[in-house]
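# Can you look at this prediction? I've put the sequence above it.
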Amino acid sequence: MSMSPAQVLLAEKTNISTPSNLDNLTSIIDDALQHQHFSMVYQPLFSMQTSKLVGFEALVRCKSPQFGFISPDKFIPHVEENGQIIELGNWIFQQVLLDLKRFLQYGLKDITVSINVSSVQIAKTNIFDEIMTLVNKLEIPTRCIKLELTETALIQNPQKIAKVFNAFQIEGVQLWIDDFGTGFASLSLLREFKVDGVKIDKSFVDGIVTCNEDFTLCSAIVAMAQRLGLHIVAEGIEDEDQLQILNQLGCDTAQGFLLGKPVSFEENLRRWG
Ligand code: C2E
Ligand code: CA
Ligand code: CA
Ligand code: CA
């Protein structure tokens, strides 16, 4: 079949711009996996009502000696596509669960730690057994663990995800929808999956003070989540006005640079331990 001029241009563009970049990133990630260039940071989450620390979101970092800091927004989609997320994801689970164990041992008793999970990990690994084996070995209470999946991840493989979710929920692990409201299936996902809570995406929080539509959408999301008995985290809070409005709307939990940036385990322990 012959290609249209536009298709030819697109094909050329893809050929020119992708292979060298992507090959490069793949080997940088391989190298990083071998030489421990990955680390985890933890961003604190606070109760809106009491302002107390309630937990952390675990976020991965990559610092290559040659290329410096590489953003997860750049390498996560890449490793999801080429399968490296499986090895990286396993490392992340192990590191985060070890750190969670240490947080609990050092006196941060009632905290939860949220782990970002990619749909590839659910499709291609036995994520349930892997996590539960570690959790049992480390004797971590399952209620301290939250798994975050984005809307896009949830629609990838709904049947398998529902099965895995169910198994986790029987064990008491919490399941959350990340970046809520940004996908095309937000409402039907709530019907299909029994989740514990939703995280309102930063893009709505950004405009909540200045943009009427964002304010209306946030209040509608919160009202709906409350009616459904779900918990609500607002993420990406950067100023006092945003915090105050989200609190008034009835969000349970606040996360954002205003309250705390993601920092290392040790730094969090110094601050909160
Ligand atoms: P996400 O899961 O939505 O994580 C929240 C992102 O927003 C984090 O960026 C966090 O540092 C940033 N953030 C939090 N509060 C604020 C704020 O007030 N202002 C601004 N400007 N940013 C804020 P980060 O760490 O760069 O991660 C980006 C994305 O990469 C994550 O978005 C997630 O999709 C992915 N990611 C990060 N760590 C992991 C991981 O361990 N596993 C997986 N599968 N994905 C991860
Ligand atoms: Ca997240
Ligand atoms: Ca998010
Ligand atoms: Ca996000």
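That came in fine, so what should we check first? Ligands and ions are numbered 1, 2, ... in the order given.
# Show the average pLDDT along the helix or strand that contains D31.
Secondary structure assigned from DSSP states H and E places D31 in helix 5-34. Helix 5-34 shows an average pLDDT of 63 in the prediction.
# and if you look at stretch 212-226?
In the prediction, stretch 212-226 has an average pLDDT of 95.
# Could I get the buried residue list for it?
Applying a neighbour-count criterion of 16 or more other Cβ atoms under 10 Å, the buried positions in stretch 212-226 are D214, F215, L217, C218, S219, I221, V222, A225. From N, CA and C alone the C-beta is placed, and that goes for glycine too.
# can you pull up the bridge partners for the residue nearest to C144 when sequence neighbours are not counted?
Of all residues not flanking C144 in the chain, T112 sits nearest, at 5.2 Å (Cβ to Cβ, 6 or more residues apart in numbering). The bridge-partner assignment for T112, based on DSSP bridges, gives G55.
# count of neighbours near T112?
18 (other Cβ atoms under 10 Å).
# what pLDDT does it get?
98.
# I'd say it and V54 touch.
Yes - applying Cβ atoms under 8 Å as the test, T112 and V54 come out as touching, 6.8 Å apart.
# what's the distance between stretch 194-214 and the middle of its chain?
15 Å (Cα atoms, centre = their mean, to the nearest Å).
# One more: stretch 69-87?
Worked out by Cα atoms, centre = their mean, stretch 69-87 lies 13 Å from the chain centre.
# what does that stretch rub up against?
Residues outside stretch 69-87 that contact it (Cβ atoms under 8 Å, 6 or more residues apart in numbering) are 22, 25-26, 28-30, 33, 59-64, 88, 118-121, 124-125.
# could you flag which of those are buried?
25-26, 28-29, 33, 59-60, 62, 64, 88, 118-121, 125.
# filter the residues you listed by proximity to ligand 1?
L59, V60, S118 (Cβ under 6 Å from any ligand atom).
# Any regions of the protein where pLDDT drops low?
Scanning the chain for pLDDT under 70 picks out the ranges 1-23.
# Tell me how far F265 lies from F103.
According to Cβ to Cβ, to the nearest Å, F265 stands 8 Å off from F103.
# Say whether ligand 2 is contacted by the helix or strand following the helix holding D31.
With elements assigned by DSSP H and E, the helix or strand that comes after helix 5-34 is strand 38-47. No - applying Cβ under 5 Å from the ion, one finds strand 38-47 separated from ligand 2 by no less than 9.4 Å.
# and strand 38-47, what other elements does it pack with?
Helices and strands touching strand 38-47, by 3 or more Cβ pairs under 8 Å, 6 or more residues apart in numbering; DSSP states H and E, are strand 53-64, helix 85-105, strand 112-116, strand 253-254, helix 265-272.
# Can you give me the buried ones in that strand?
Neighbour-count burial for strand 38-47 [16+ other Cβ under 10 Å]: F38, M40, V41, Y42, Q43, P44, L45, F46.
# closest to D206 among those?
D206 lies nearest to Q43 out of the buried residues of strand 38-47, by Cβ to Cβ, at 17.0 Å.
# In space, what's closest to that closest one - neighbours in sequence excluded?
P262 (3.9 Å).
# Might you enumerate the residues of the stretch 151-273 of the chain proximal to ligand 3?
So far as Cβ under 5 Å from the ion goes, the stretch 151-273 of the chain lies against ligand 3 at D178, D179.
# residues in the stretch 151-273 of the chain within reach of ligand 1, list them.
Checking the stretch 151-273 of the chain against ligand 1 by Cβ under 6 Å from any ligand atom, the hits are D178, D179, E235, G236, I237, E238, Q255, G256, F257, P262.
# so of those residues, which ones are in strands?
Residues from these lying in strands, with DSSP state E as the criterion: D178, D179.
# want to throw the residues of the stretch 151-273 of the chain next to ligand 1 into a markdown table with distance to N166?
As requested, those are arranged in a markdown table below (distance: Cβ to Cβ, whole Å):
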| residue | distance to N166 |
| --- | --- |
| D178 | 19 |
| D179 | 23 |
| E235 | 26 |
| G236 | 30 |
| I237 | 32 |
| E238 | 37 |
| Q255 | 27 |
| G256 | 32 |
| F257 | 35 |
| P262 | 31 |
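# Looking at the residues of the stretch 151-273 of the chain next to ligand 1, which one is closest to Q248?
Nearest member of these to Q248, counting by Cβ to Cβ, is I237, at 13.3 Å.
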